[in-house]
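**Student:** here's a sequence, model it:
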Amino acid sequence: MANTAELQLKKVPSRIKSLIGSEALLHRRSINQEAIALLEEALLARAQTMRHTRDEIDDILDRFDRLPTRDALPLSEMIEFDELGLPK
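**Tutor:** Numbers count the residues shown, from 1 in each chain. Below is the predicted model:
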């Protein structure tokens, strides 16, 4: 049996409670079982979206890393600095 913990929700808007109740009837679950199922679905969807976003960022960074270098000189050699260390 999976580990469980008590969770109590207070001041749930009546419309939300009604929608959960309707879904519970549709799926032949108790309101509690339906609320748990809905929470699991929402959390899984959020995790997949976050994973997708991370994958997109990784793809962008990979493409950036593959871009050709326009000048092989390091920036410090491209810009001259004065005696105060400011760019000329």
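**Student:** regarding the chain, what is its longest helix?
**Tutor:** Taking DSSP state H as the criterion, the chain has its longest helix at helix 31-66.
**Student:** now that one: mean pLDDT?
**Tutor:** Helix 31-66 carries an average pLDDT of 92.
**Student:** chain center to that helix: distance?
**Tutor:** How far helix 31-66 lies from its chain's middle: 5 Å, per CA atoms, centre = their mean, to the nearest Å.
**Student:** one more: stretch 25-33?
**Tutor:** 29 Å.
**Student:** spatially central residue for the protein, please.
**Tutor:** The centre of the chain sits closest to Met50, judged by CA atoms, centre = their mean, with a distance of 2.8 Å.
**Student:** and that one, how far from Pro68?
**Tutor:** Using CB to CB, to the nearest Å, Met50 is found at 32 Å from Pro68. No exception for glycine: its C-beta is placed from N, CA and C like everyone else's.
**Student:** and what of Asn32?
**Tutor:** In terms of CB to CB, Asn32 sits 59 Å off from Pro68.
**Student:** more neighbours: which of those two?
**Tutor:** Taking other CB atoms under 10 Å, Asn32 and Pro68 do not tie; Asn32 has more neighbours (11 against 4).
**Student:** what angle do the helix or strand hosting Ser18 and helix 31-66 make?
**Tutor:** In this structure, Ser18 sits in helix 14-27 according to DSSP states H and E. Counting by axes from the mean of the first three to the mean of the last three CA atoms, to 10 degrees, helix 14-27 lies at 100 degrees to helix 31-66.
**Student:** distance from the chain centre to helix 14-27, please.
**Tutor:** Worked out by CA atoms, centre = their mean, helix 14-27 lies 27 Å from the chain centre.
**Student:** what packs against that helix?
**Tutor:** With contacts defined as 3 or more CB pairs under 8 Å, 6 or more residues apart in numbering; DSSP states H and E, helix 14-27 has these neighbours: helix 31-66.
**Student:** and the closest residue in space to Met78 that isn't next to it in sequence, how many neighbours?
**Tutor:** Nearest residue to Met78, sequence neighbours excluded (CB to CB, 6 or more residues apart in numbering): Asp71, at 6.8 Å. When neighbours are counted by other CB under 10 Å, Asp71 registers 8.
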